[in-house]
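J.: Got a predicted structure here, sequence first:
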Amino acid sequence: MASAASSGGGDDDSAGKLLVNRYLKGEIVGEGTYGIVNKAIDTKTGNIVAIKRIRIGEKKEGVNFTALREIKLLKELKDPNIIELIDCFPYKDSLHLVFEFMETDLEAVIKDKHIVLSPADTKSYAQMMLKGLAFCHKKWVLHRDMKPNNLLIGADGQLKLADFGLARMFGSPGRNFTHQVFARWYRAPELLFGSKHYGSAVDIWAAGCIFAELLTRRAFLQGSSDIDQLGKIFAALGTPKPSQWPDMAYLPDYVEYQYVAAPPLRTLLPMASDDALDLLSKMLTYDPKARITAQQALEHRYFSSLPAPTRPSQLPRPRRKGDSGNNKIPDLNLQDGPVVLSPPRKLRRVTAHEGLEVNMHRADKVDEHPSGMRHTDEMSSHSSRIPMSVDVGAVFGTRPAPRPTLNSAEKSHLKRKLDMDPEFGYAE
Amino acid sequence: MAANFWTSSHCKQLLDPEDVELVPAADRERGIMPEEFRLVKIHMSFHIWRLAQQVKVRQRVIATAVTYFRRVYTRKSMSEYDPRLVAPTCLYLASKVEESTVQARLLVFYIKKMCGSDDKYRFEIKDILEMEMKLLEALDYYLVVFHPYRPLLQLLQDAGITDLTQFAWGLVNDTYKMDLILIYPPYMIALACIYIASALKDKDTTSWFEELRVDMNIVKNISMEILDFYDTYKIDPQRGLPDDKISPVLNKLPAKS
């Protein structure tokens, strides 16, 4: 690993600077949970990397607690479906973490209406997500913040679990954990009922929500508060009966909800295959003890039945910012469908048609992703827009609510809780 | 448990006894002998232990801190990394890693309280925070450590001798006065402690050990090392090593800047 370069000087933030004689610093690409992220070139390997810079000593508490967690766990987790921590080095007043560079994330894929996800594509993403999760769980690590925007996608199309700032080791019985984890939409019912002794099943619930989101292209259970979240869960899956989940009534924050019967899952996800629905229902099983494990999920028939999962390198990519509509994408990504240059009205039909042929998928795709074929719109943005399908959300003002993350109040609450965790020793 | 010990960084970093006992070149130049090197490590393990008692952290945090401390000196010299600063910093880092953070200012406060008269032990918050970074680097950012405690409880249960728990637990605690955690898998250390405990308390565990199918030579070797340690040092569990044994060694280290 690199050691701190004693040489140096000049402006730390300037791009084009060589850090610790190894990393050629590029532009800022984002602000992570605890520091600025720069793109850089690893001159040792020629690879593009992302460098997270963590300032320390600001609050007199040394290396950030969250960063330390991430370092600790990622040093133990080396897997194709988990983000790689390549290197760490101190430089100036900061600790720098070097990660492999990831082009995009699953949230961008789900939200990008230009992308059509075939059943095989969805299967591929679900499989990579579960592989990464199975590896974590095998190593006794809970991720605790599974959501589409923490599932990063590399240039080779591989999906990788990232952001282990909330993750922790489990497996010590009798230890209390905080239930304030996960963004709300992905929070398992046992967490919403205040469970402090949970296990890997919480990650599976979130993965189930993400799987459903891949199938429908919108977040599956969009609660506006914790209470509402439970309401949304029960409306979709039915209020759990004690026979379904015997331990439910003993959870700290348990309250009885009015009984709602479960609508058939098929009505919520009309286009999903039977196998997909069966797997989904097992991932969203109420009783955490009965919920499917990541390994079992990977062995589910869904993954062995046709269509086979798309190879990662063949998966559709979201357009990067700055790609204009009258694009000049040289590598015709066929998954995106053909580029149409003639007047929109006439060609829209053609587009849809060709899109289908190119993708060679069942017709249900059109229904499944009605907005997926609208990629000609931008090209005709100056003319009247007559989309093939109506974007109901836009028209009726029922666009999905903004995706919740842990808000700052929750975060500080969480931090306080974790920092002070009064967990004492093993039983005598 | 420790289902994942075999694939952990801890497992990959286990060392041969000779490598652990090697005095770093910079310390050798200052005339520190292998025995003195060992004494400082024993002494500082006590220091960490006592400090931890003040700030009240779990056993596991102490064990992790001592492991970090010992691991650092398989790579760095005491001349360069002052053990009196490394020790509390290890406790600070371990408390964060084990999810029961102790604030740096609290550590500084208790160090002052414990070692008020001795200037060489006193450090400021910023010293600890600076050392934390150097420590992370010295540890190569590998922070997960496995300990014998959990396997100990499970093995005692399995052998049906849970009445020995307290005694065996105390033995495990004492193994951190030695470098065993850097050399052997934690469950082997736990087995050695059970072996000693059952021998001293007249429990017949022979057939149980046979069924385990572990290399009994290793278990016996570790047990001998532990017994030798008790024999050699006869340490007062409350006070640790006498000052007249330790001070001359620490005085060979460069003075605090």
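T.: Perfect, I can see it now. Numbers count the residues shown, from 1 in each chain, chains lettered A, B, ... in the order given.
J.: CA-only coordinates of the worst-scoring helix or strand of chain B on mean pLDDT in CSV, if you can.
T.: Taking mean pLDDT, DSSP states H and E as the measure, chain B has helix B:243-250 as its least confident helix or strand, at a mean of 86. The C-alpha coordinates for helix B:243-250 follow below in CSV (Å, rounded to 0.1, in the frame of the first residue of the first chain):
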residue,chain,number,x,y,z
ASP,B,243,8.5,0.2,38.1
ASP,B,244,12.1,-0.5,38.7
LYS,B,245,12.0,-3.2,36.0
ILE,B,246,10.2,-1.1,33.4
SER,B,247,11.7,2.4,33.8
PRO,B,248,15.2,1.5,32.8
VAL,B,249,13.9,0.1,29.6
LEU,B,250,11.6,2.9,28.7
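J.: buried stuff in it?
T.: Using 16 or more other Cβ atoms under 10 Å in any protein chain shown as the burial criterion, the residues of helix B:243-250 that qualify are B:I246, B:V249, B:L250. Yep, even glycine has a C-beta here, placed from its N, CA and C like the rest.
J.: From the residues you listed, pick the one nearest chain A.
T.: Closest approach between those and chain A, by Cβ to the nearest Cβ: B:L250, at 25.5 Å.
J.: Figure out the helix or strand that B:S100 lives in.
T.: Assigned by DSSP states H and E, B:S100 belongs to neither a helix nor a strand.
J.: what number of residues lie near A:I82?
T.: Under the neighbour criterion other Cβ atoms under 10 Å in any protein chain shown, A:I82 is assigned a count of 22.
J.: again, but for A:D247
T.: Using other Cβ under 10 Å, A:D247 has 16 neighbouring residues.
J.: Please apply the same query to B:D16.
T.: For B:D16, the count of nearby residues is 10 (other Cβ under 10 Å).
J.: what's the answer for A:A261, then?
T.: Counted with other Cβ under 10 Å, A:A261 comes out at 7.
J.: Tell me how far A:A67 lies from A:I110.
T.: To A:I110, A:A67 is 28 Å away according to Cβ to Cβ, to the nearest Å.
J.: pull the CA atoms of the top helix by length along chain B into PDB?
T.: Assignment by DSSP state H gives helix B:34-55 as the longest helix of chain B. Output of helix B:34-55 as PDB, limited to C-alpha atoms (Å, rounded to 0.1, in the frame of the first residue of the first chain):
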ATOM      1  CA  PRO B  34      14.400  -9.200  23.400                       C
ATOM      2  CA  GLU B  35      13.500  -9.800  27.100                       C
ATOM      3  CA  GLU B  36      13.200  -6.000  27.600                       C
ATOM      4  CA  PHE B  37      11.100  -5.700  24.400                       C
ATOM      5  CA  ARG B  38       8.800  -8.300  25.900                       C
ATOM      6  CA  LEU B  39       8.600  -6.500  29.200                       C
ATOM      7  CA  VAL B  40       7.500  -3.300  27.700                       C
ATOM      8  CA  LYS B  41       4.700  -5.100  25.800                       C
ATOM      9  CA  ILE B  42       3.500  -6.700  29.000                       C
ATOM     10  CA  HIS B  43       3.700  -3.500  30.900                       C
ATOM     11  CA  MET B  44       1.800  -1.600  28.200                       C
ATOM     12  CA  SER B  45      -0.900  -4.300  28.000                       C
ATOM     13  CA  PHE B  46      -1.500  -3.600  31.700                       C
ATOM     14  CA  HIS B  47      -1.500   0.100  31.000                       C
ATOM     15  CA  ILE B  48      -4.200  -0.400  28.400                       C
ATOM     16  CA  TRP B  49      -6.100  -2.700  30.700                       C
ATOM     17  CA  ARG B  50      -6.100  -0.200  33.600                       C
ATOM     18  CA  LEU B  51      -7.000   2.700  31.300                       C
ATOM     19  CA  ALA B  52      -9.900   0.700  29.900                       C
ATOM     20  CA  GLN B  53     -11.100   0.000  33.400                       C
ATOM     21  CA  GLN B  54     -11.400   3.700  34.000                       C
ATOM     22  CA  VAL B  55     -13.300   4.500  30.900                       C
END
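J.: Tell me where the stretch 51-200 of chain A has helices.
T.: In the stretch 51-200 of chain A, the helices defined using DSSP state H, counting those that start in this stretch lie at A:65-74, A:106-111, A:119-138, A:189-192.
J.: Just list what the last one packs against, helices and strands only.
T.: Helices and strands in packing contact with helix A:189-192 are listed as helix A:201-216, helix A:226-237; criterion 3 or more Cβ pairs under 8 Å, 6 or more residues apart in numbering or on different chains; DSSP states H and E.
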